[in-house]
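Undergrad: Predicted model, plus sequence, below.
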Amino acid sequence: MVRVRGAQENNLRSVDVDVPRDSIVAFTGISGSGKSSLAFGTIYAEAQKRYFESVAPYARRLISQGHNPKVEAITGLPPAVALQQRRGTASSRSTVGTLTTLSNSMRMLFSRGGTYPANAQPGSLDSDAFSPNTAAGACRECSGLGIAHTVTEESLVPDPSLTIREGAIAAWPGAWQGKNLRDILIHLGYDVDVPWRKLPKKDRDWILFTEEQPVVTISPQRDRVAKPYKGRFWSARSYVLHTLADSGSAKMRERVLEYMVSGPCPVCGGAGLRPEALAVTFAGRNIAELNGATLGELAEIIRPTAELKAAGTASRSAASNEDTEVAVTITRDLLSRLEILISLGLGYLSLSRATPTLSPGEMQRLRIATQLRSGLFGVVYVLDEPSAGLHPADAEPLLAVLQELKDAGNSVFVVEHNMDVVRSAEWIVDVGPQAGDGGGTVLYSGPVAGLAGVTESATRPFLFGEAEEISPARRRAERWLSLKGISRHNLRELDADIPLGVLTAVTGVSGSGKSTLVSQVLAEAVGTQVNGAPPEAEDDDGAADARSADPGVQVRRIQGLEHLDRLVKVDQRPIGRTPRSNLATYTGLFDHVRKLFAGTDEARARGYNAGRFSFNVAGGRCETCQGEGFLAVELLFLPGTYGPCPDCHGARYNEETLEITYRGKSIADVLGMRVETAAEFLSDVPAAARSLSTLLDVGLGYLRLGQPATELSGGEAQRIKLATELQRARRGHTLYLLDEPTTGLHPQDVQLLLAQLNRLVEAGNTVVVVEHSMNVVASADWVIDMGPAGGDDGGRIVCSGTADDVAACETSRTAPYLSEALK
Ligand code: ADP
Ligand code: ADP
Ligand code: ZN
Ligand code: ZN
């Protein structure tokens, strides 16, 4: 047993709990009850701390200490590995292959087991030569990026019907310089008065691309005043490249940039590798081709080799090493690892897929699969909702993988909301009963069945099927948004009809195209038309770069846009990335609070205006920490950590500002209040009361007003956004898009969320959610089921209709689970 005594992290109330090792343990409880504080903040953090204490003092200085959990004692604690849900690193070079380390094996396979061209010695390239991220492998032209900025005839001559005299070569400079180049061409005997496209190809190529720079003496013919002069010729390409590299004028550089196009590198074709490496093949394809294949295809390509019984031994003379023992060993290992990924429903991904384009759920499953192969045993894996983003049809394999981790001799602790996963655990630790101060106690710790006797538990009714179903009357749409000919990722010429004024759930297995349809196509196509711009740039998780490289949305025709006047994406992305943004600033509540303080007699007497009460500008804030309340502690080589400010001790303001009180509280006191306390304190201030009551409605009464954005979970951030929307309280024709809004939510919180979404619909708006939780799907007005499978086998609408229609659909993989939920 892992025995925890006196845990007081965050809201935990001196928790004592014993959790079995070598088991699968589920930590449950409503959002904010303290599950993560126990599983991650206490158990995992303590294991981390001990690990750091055990390493040499010298090394310890170099490693971030993490935090010191508030706990009296923990005994029986093995080392821990945490697999939390995070977006991929912003590095655009991180891919599925590098994350899973499968790329290493692929490179080894090509180096030792590939077929080399006749003129090359088999095995002559080491595995680095197959990586665009190494000096040995990177294509010289594009430094391994695979992208090149180049000029083409089309980019240099946008209108080939013009003659050179008329300005066909748009990329050339204008005015005197351009005329000069033209005169040189005349002198050299080129015809500048026929349309560009009529010139022979040889001439066109020379004029645009030559590196020669003939110098000729030109005697201006029509201009008698000018004297003969010497002119140097620049081809359009040399002119553009020269200007880019050497011009001191930013304006000139910008101008020529317009005549360049970025595309796959012409030397490596986008693979980022040198020609020698690309000449090596396995099963007839080079490494770039295999990296671009889906994991499912890749498995089938290497399977014949992996299943070879009698492998020949490497022969020096043979060009091919494909059936050597080495190749068989490597492909066997690769195949078994691919099969785990495929069983986790990720067979539609490719090794070359950039990690910033993956969803957090996909990321975590990749990490889990990678851990299975790490060979670690005797560790505790602490996982954050491994079922996130998973269709119910894919839950079984996930459970099997968790079981394998356990069978290998590990403990698996999961923070989970999916009752199917919880039911399959051997032990449950239920935290509650409420959130924040109302939570923080362990209500039950023991075999799952035993929770049935714990009346206080918010989890119990959902686990044992006693929860009341919310069954709203189904609403019928009167108007529709109709999209024709959508092409993006695996959607090919798809037609989709979205009912307006109702709640629609989009379902389907992972990779079927739900997010592409909702978060990308709908968001961009409708956003551009209705808001005048696509939804706010995704600026804070590195996903932006990867996505902006995506082709633009292609929709041939949209009808029904006139029924919409706004589009809002309510996602789980943080409401801010620094401790400077918080709940109060984000919702606009803080503006009202600052005005209240500025309106007090004392503030007026001292001449303090509302700005004085902002911690973001000089004046009223503490200057030591510049209003952050914390100071970054710089650690050599490491990302900094935060410590409380020695002057204001976290209050954020200077003493004079804190002397102003409203009903006996300073501005810092108000920031320290929980939403529920503040709602009482400010109940007679209408503007403040309105936003506080919407926060209460979405179940966030336990949050502090000043709780920094950085401390909020994704689910909390999402509900804050939702509350901000609800507070606008206007009858609308808004389209709300939500991608898996129930991620991180306990079933009880899900009911709360659903109630809010229904409120938006009641007010005349349209809500479209991508969802895996069948309870939510069952209560939607309309269901669009995508599939039938992931990747190229998906991208279609398998069926759509009411939940009952879809549940009856024979070809839908969602149907069996949906009909179960409808019972
Ligand atoms: P759960 O995992 O059950 O959703 P948490 O353990 O994340 O709950 O949070 C429990 C309580 O502690 C909540 O009231 C939450 O707002 C608060 N909390 C979480 N993280 C921090 C933090 N870093 N600082 C202060 N309070 C926190
Ligand atoms: P779902 O939301 O149903 O899980 P997605 O819309 O995320 O499915 O993905 C549908 C298909 O599009 C999958 O084959 C996926 O690999 C592919 N895809 C999604 N995003 C990208 C991207 N940024 N680049 C390339 N392919 C992508
Ligand atoms: Zn290249
Ligand atoms: Zn300070």
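TA: Thanks, I have the structure now. Ligands and ions are numbered 1, 2, ... in the order given.

Undergrad: can you give me the helices for the stretch 451-600 of the chain?
TA: Along the stretch 451-600 of the chain, counting by DSSP state H, counting those that start in this stretch, helices occupy 460-463, 514-515, 523-530, 543-548, 583-587, 589-598.

Undergrad: Now render these as JSON lines, adding mean neighbour count and mean pLDDT.
TA: (C-beta placed from N, C-alpha, C; glycine too.) Shown next, in JSON lines, are those (neighbours: other C-beta atoms under 10 Å; pLDDT from 0 to 100):
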{"stretch": "helix 460-463", "mean neighbour count": "19", "mean pLDDT": "94"}
{"stretch": "helix 514-515", "mean neighbour count": "24", "mean pLDDT": "92"}
{"stretch": "helix 523-530", "mean neighbour count": "20", "mean pLDDT": "86"}
{"stretch": "helix 543-548", "mean neighbour count": "15", "mean pLDDT": "36"}
{"stretch": "helix 583-587", "mean neighbour count": "23", "mean pLDDT": "93"}
{"stretch": "helix 589-598", "mean neighbour count": "21", "mean pLDDT": "95"}
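
Undergrad: so can I have JSON lines of those helices showing distance to ligand 1?
TA: Below are the helices of the stretch 451-600 of the chain laid out as JSON lines (distance: least, C-beta to the nearest ligand atom, whole Å):
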{"stretch": "helix 460-463", "distance to ligand 1": "15"}
{"stretch": "helix 514-515", "distance to ligand 1": "24"}
{"stretch": "helix 523-530", "distance to ligand 1": "28"}
{"stretch": "helix 543-548", "distance to ligand 1": "24"}
{"stretch": "helix 583-587", "distance to ligand 1": "10"}
{"stretch": "helix 589-598", "distance to ligand 1": "17"}
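
Undergrad: Any chance of CSV for these, columns distance to residue 415?
TA: Output for the helices of the stretch 451-600 of the chain, formatted as CSV (distance: least, C-beta to C-beta, whole Å):
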stretch, distance to residue 415
helix 460-463, 15
helix 514-515, 23
helix 523-530, 29
helix 543-548, 24
helix 583-587, 23
helix 589-598, 30
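
Undergrad: Make a markdown table from those helices and add distance to ligand 4 to it.
TA: Converted to a markdown table, those look like this (distance: least, C-beta to the ion, whole Å):
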| stretch | distance to ligand 4 |
| --- | --- |
| helix 460-463 | 44 |
| helix 514-515 | 42 |
| helix 523-530 | 40 |
| helix 543-548 | 33 |
| helix 583-587 | 17 |
| helix 589-598 | 18 |
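
Undergrad: Can you say which of the ones you listed is nearest to residue 383?
TA: helix 460-463 (18.8 Å; C-beta to C-beta).

Undergrad: Is residue 768 located within a strand, as I assumed?
TA: Yes: the assignment for residue 768 by DSSP: H, G, I helix; E, B strand; the rest coil puts it in a strand.

Undergrad: does it really touch residue 518, like I thought?
TA: Yes: using C-beta atoms under 8 Å, residue 768 is in contact with residue 518, at 5.8 Å.

Undergrad: low-confidence ranges in the stretch 51-200 of the chain?
TA: Within the stretch 51-200 of the chain, the segments meeting pLDDT under 70 span 52-67, 84-93.

Undergrad: and if we set it to 50?
TA: Flagging of the stretch 51-200 of the chain using pLDDT under 50 yields the residue ranges 59-65, 87-90.

Undergrad: next one: the chain
TA: 59-65, 87-90, 314-317, 537-550, 635-641.

Undergrad: And the helices of the stretch 451-600 of the chain: which comes nearest residue 672?
TA: Ranking these by distance to residue 672, with C-beta to C-beta as the measure, places helix 583-587 first at 10.8 Å.

Undergrad: I'd like to know which elements the closest one is packed against.
TA: If you count contacts as 3 or more C-beta pairs under 8 Å, 6 or more residues apart in numbering; DSSP states H and E, helix 583-587 packs onto helix 589-598, helix 686-697, helix 714-728.

Undergrad: if we can go back for a sec, with neighbour numbers in mind, choose between residue 768 and residue 518.
TA: More crowded of residue 768 and residue 518, by other C-beta atoms under 10 Å: residue 768, with 27 against 23.

Undergrad: And that one, how far from residue 739?
TA: 10 Å (C-beta to C-beta, to the nearest Å).

Undergrad: can you check residue 788 too?
TA: From residue 788 to residue 739 the distance is 21 Å (C-beta to C-beta).
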